[in-house]
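Asks: Pasting the sequence and the predicted coordinates here, then a few questions.
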Amino acid sequence: IQDTGQPLTPTNILIERMTGYGASRTTPHISNGNTFYVQRNGRTVRDLERVSANSFAPRDVSIRSSHLINNPNDICSFGGSDTRPEEYIFFVNADGTVGVLHSVISESILGWTLWDSTGQTDNADGYLDSVMTMTAVNENLFWVTNRNNVVSLEKFTNFDELDIINECYLDDAVAIQVASDQTISNIPSHFYNKTVHVIKDDGSYRGTQTVSGTGTLDASLLNLKYEEINGVIFADRAYIGYSYFMKLETMPVDFQYPGSELTGNRRRITRVKVETEGALSMSVNGKTLFNRTTASGLIQQDQARVDGKQDFRLLGYSEDPTIEITQTLPASCGVMQLVSEVTV
């Protein structure tokens, strides 16, 4: 530490201790004006915030989310832009998962989530099966992955998607088109004998199908067509790829009233109101409120997104009741607010 404008020399250098918690060998990263680093135990993330000229406060920003931190070996951040004010910090864990922190320091917002496909059977071949390192360049994320002992450099393309009409919520997505023989071919070889999800280019979900050993799909089973009308060819286009599942779970719902509290007592979440934005599918504690599907199980009609407050009625008592929002379809699901009623 040296005064501004003064040259740094071996005789006037002064090193002051900022914190005694210790840090891992993972390189710290600056985001939102603070320095984020992994503590030596590999399970805690702290940030250094300047509180005075020569004083810093090492806050624990993962105190309630330490189960999402597993000896990170890399850190990168994704700054805000002219279309998206949020800032994100990514912690690449030793097990190939990624702990993601959404931070707004001025509003004391620290929201954690985990990117993990290692436990999703239908997505066993997804990119997040084993992430090795990540970096952010402008509006794009790049990561090095290891899938089946094949190391690749991949690009995360839909992080800041502005076109909500032609969305594609798929991992490793590639565009396909129906041929004149009503088949889909020329599919990349790494999809052979794999089960993929299919989304038409208008955003409608067409279900799953296993790619043949020769790299083809049956378009008729996906309700995709090739037609020629008055000399004009209409060939449906779609995307194929691996799906990823969403799971949001709150801390145990508690309540404190004069003279006592409910911690450790059996209680029941009787009602949950969820404010949605642009949602197409959602379940709360296993109860599905809406699911844009037809009788055949395909989202082919009624693409209207659901906005506003949705009401769930739940059953069952527990000593640690939580609210769990899940989605297993590759579709839009916006959650803005949760309100719950608890019975004791």
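Replies: That came in fine, so what should we check first? Numbers count the residues shown, from 1 in each chain.
Asks: ok, for Asn193, nearest residue in space, not its chain neighbours?
Replies: Closest residue in space to Asn193, ignoring its immediate chain neighbours: Gly213 at 5.6 Å, by CB to CB, 6 or more residues apart in numbering. In short, each C-beta sits where N, CA and C put it, glycine included.
Asks: And the pLDDT at that neighbour?
Replies: With respect to pLDDT, Gly213 scores 89.
Asks: Over to Gln120?
Replies: 51.
Asks: List the residue ranges of the stretch 201-344 of the chain that fall below the pLDDT cut-off.
Replies: For the stretch 201-344 of the chain, the stretches flagged by pLDDT under 70 are 256-257, 259-262, 289-304.
Asks: Could you pull out the strands in it for me?
Replies: 205-210, 217-218, 226-229, 232-235, 237-242, 246-249, 256-257, 260-261, 268-279, 281-284, 287-291, 306-313, 324-327, 335-343 (DSSP state E, counting those that start in this stretch).
Asks: Can you list the strands that the fifth one pairs with?
Replies: Translated: strand 237-242. Strand 237-242 has its sheet partners listed here by DSSP bridges as strand 171-177 (antiparallel), strand 195-200 (antiparallel).
Asks: Deepest in the core, which of those strands is it.
Replies: A comparison of these by mean neighbour count, using mean count of other CB atoms under 10 Å, puts strand 195-200 on top with a mean of 22.
Asks: Quick one: residues in contact with that strand.
Replies: 122, 167-170, 205-211, 217, 222, 224, 236-243, 330 (CB atoms under 8 Å, 6 or more residues apart in numbering).
Asks: go with 7 Å
Replies: 122, 168, 170, 205-211, 222, 224, 236, 238-243, 330 (CB atoms under 7 Å, 6 or more residues apart in numbering).
Asks: Please list only the buried members of these.
Replies: 122, 168, 170, 205-207, 209, 211, 222, 224, 236, 238-243, 330 (16 or more other CB atoms under 10 Å).
Asks: okay, the strands of the stretch 201-344 of the chain in CSV with distance to Thr135 next?
Replies: Formatted as CSV, those follow (distance: least, CB to CB, whole Å):
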stretch, distance to Thr135
strand 205-210, 32
strand 217-218, 34
strand 226-229, 41
strand 232-235, 38
strand 237-242, 23
strand 246-249, 25
strand 256-257, 44
strand 260-261, 46
strand 268-279, 30
strand 281-284, 32
strand 287-291, 37
strand 306-313, 35
strand 324-327, 29
strand 335-343, 29
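Asks: ok, now how distant is the residue sitting nearest the centre point of the chain from Leu101?
Replies: Of all residues in the chain, the one closest to the mean position by CA atoms, centre = their mean is Trp115, 5.4 Å from it. Distance, Trp115 to Leu101, by CB to CB, to the nearest Å: 12 Å.
Asks: Same question for Leu217.
Replies: From Leu217 to Leu101 the distance is 39 Å (CB to CB).
Asks: For Asn34, which residues are in contact?
Replies: Asp47, Leu48, Glu49, Ile105.
Asks: what pLDDT does the residue nearest to the last one when sequence neighbours are not counted get?
Replies: In space, not counting the residues next to it along the chain, Ile105 is nearest to Asn32; the distance is 4.5 Å by CB to CB, 6+ apart. Turning to Asn32, the model gives it a pLDDT of 79.
Asks: Dihedrals phi and psi, Asn32?
Replies: Main-chain dihedrals, Asn32, degrees, to the nearest 10: phi 60, psi 30.
Asks: Can you verify my assumption that Lys273 contacts Met336?
Replies: No: assessed by CB atoms under 7 Å, Lys273 is found out of contact with Met336, at 11.0 Å.
Asks: For the nearest residue to Phe36 once chain neighbours are set aside, give me the pLDDT.
Replies: By the measure of CB to CB, 6+ apart, the closest residue to Phe36 outside its immediate chain neighbours is Asp47, 4.7 Å from it. On pLDDT, Asp47 comes in at 87.
Asks: tally of neighbours for Asp47?
Replies: Neighbourhood size, Asp47 [other CB atoms under 10 Å]: 26.
Asks: and it, how far is that from Lys194?
Replies: Taking CB to CB, one finds Asp47 at 41 Å from Lys194.
Asks: and Arg59, which of the strands of the stretch 201-344 of the chain is closest to it?
Replies: strand 246-249 (23.9 Å; CB to CB).
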